[in-house]
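Chemist: Coordinates for the following, if possible.
(one chain, ligands or ions: 1)
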Amino acid sequence: MRIVAFDYRDIPNFPQSTVHGHAGRLVFGTLKGRPCVCMQGRFHLYEGYPIQKITMPMRIFKLLGVETVILTNAAGGLNQDYKVGDIMIIKDHLNMPGFAGNNPLAGPNNERFGVRFPCMSDAYDRELQQLALDVGSELGYSDFLREGVYCVLGGPSFETIAECRMLHKLGADAVGMSTVHEVIVARHCGMRVFALSLITNEAVMDYDSEEKANHEEVLQTGKQRAEQLERLVSTVVTRIEHNNNFA
Ligand SMILES: O=P(O)(O)O[C@H]1O[C@H](CO)[C@@H](O)[C@H]1O
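Modeler: Prediction:
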């Protein structure tokens, strides 16, 4: 496969990755004949970027003709049935920064991209969720494939025990510091969205627990499941129906 890659620092006005584990490259290539663009590294609120800057790549993708966005993240498991290494297909989200008014669509609406008040009850494409379940089952991943609700927080501090308990009671299965802002902007401009969380650690829910959330564990679990995640995502990509607008 031929690829062309650009460092974020060489793209005018593009934010820079500051997080360990995020390479900071935009990579163009084809996957079984399908044109793809991949971000090696994303941006987070806790890096100090305005929320509109974090999500700017979504609008660039829209302008490039992208139809479907696939997002992945590392997340802490709140659901007591989840284990480290599980892959959760995101079926819905809780947008905590959004509750406090920090939404990437705040400010004047750019009608060129979408409507003022976009619907979010269909944010995560149901056909793509089913496709991923089918592909996961074919690949023998059913034992560690889940479906659940992702909750975004601002970070960078990990959650307290009380916060984890509250988020779980509110209906979240996993917690992290990304993805939701990108989903909102991608849906606003009409791209289909599919998203996965890798459960890299168990959120600490118990005062007797000796566990402590840490970024090293997050990176390590990411490496351990990288091959399976890659196979799942690449197989889903090759099965997505498209509109032939790149043919
Ligand atoms: O959501 P991604 O970028 O995958 O990373 C997750 O892992 C980091 C914490 O270890 C945070 O950035 C959190 O959001």
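Chemist: Could you use CA atoms for every contact and neighbour count after this?
Modeler: OK.
Chemist: distance of the residue lying farthest from the centre of the chain from C189?
Modeler: Most distant from the centre of the chain: D208, at 31.3 Å, with distances by CA atoms, centre = their mean. D208 sits 46 Å away from C189, going by CA to CA, to the nearest Å.
Chemist: try V204
Modeler: 37 Å.
Chemist: what about the two, which has more around it?
Modeler: Each of V204 and C189 has its neighbours counted (other CA atoms under 10 Å); V204 has more, 23 against 20.
Chemist: Would you mind confirming that that one is in contact with A213?
Modeler: Yes: with contact defined as CA atoms under 8 Å, V204 counts as touching A213 (7.4 Å).
Chemist: Would you mind listing what in this protein touches the ligand?
Modeler: Proximity of the chain to the ligand, by CA under 6 Å from any ligand atom, involves residues 73-75, 176-178, 215, 218.
Chemist: Check which helices and strands the helix ranked longest in the chain sits against.
Modeler: Determined from DSSP state H, the single longest helix within the chain is helix 215-239. Other helices and strands packing on helix 215-239, by 3 or more CA pairs under 8 Å, 6 or more residues apart in numbering; DSSP states H and E, are strand 25-31, strand 68-77, helix 126-138, strand 192-202.
Chemist: Format those as a markdown table; extra columns: mean pLDDT.
Modeler: Listed next are those as a markdown table, based on pLDDT from 0 to 100:
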| stretch | mean pLDDT |
| --- | --- |
| strand 25-31 | 95 |
| strand 68-77 | 98 |
| helix 126-138 | 98 |
| strand 192-202 | 98 |
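Chemist: hey, which of these is tucked in deepest?
Modeler: Of those, the one with the most neighbours on average (mean count of other CA atoms under 10 Å) is strand 192-202, at a mean of 25.
Chemist: Can I get that one as PDB, trimmed to CA atoms?
Modeler: Provided in PDB are the C-alpha atoms of strand 192-202 (Å, rounded to 0.1, in the frame of the first residue of the first chain):
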ATOM      1  CA  ARG A 192     -21.300   8.900   9.300                       C
ATOM      2  CA  VAL A 193     -19.600   8.000  12.600                       C
ATOM      3  CA  PHE A 194     -18.400   4.700  14.100                       C
ATOM      4  CA  ALA A 195     -16.400   4.700  17.300                       C
ATOM      5  CA  LEU A 196     -14.600   2.200  19.500                       C
ATOM      6  CA  SER A 197     -13.200   2.400  23.000                       C
ATOM      7  CA  LEU A 198     -10.400   0.100  24.100                       C
ATOM      8  CA  ILE A 199     -10.900  -0.500  27.800                       C
ATOM      9  CA  THR A 200      -7.300   0.100  28.900                       C
ATOM     10  CA  ASN A 201      -7.900   0.100  32.700                       C
ATOM     11  CA  GLU A 202     -10.700  -0.500  35.200                       C
END
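Chemist: tilt between it and helix 215-239?
Modeler: Computed by axes from the mean of the first three to the mean of the last three CA atoms, to 10 degrees, the angle separating strand 192-202 from helix 215-239 equals 150 degrees.
Chemist: Direction included, what does strand 192-202 pair up with?
Modeler: Partner strands and pairing direction for strand 192-202 (DSSP bridges) are strand 68-77 (parallel), strand 87-95 (antiparallel).
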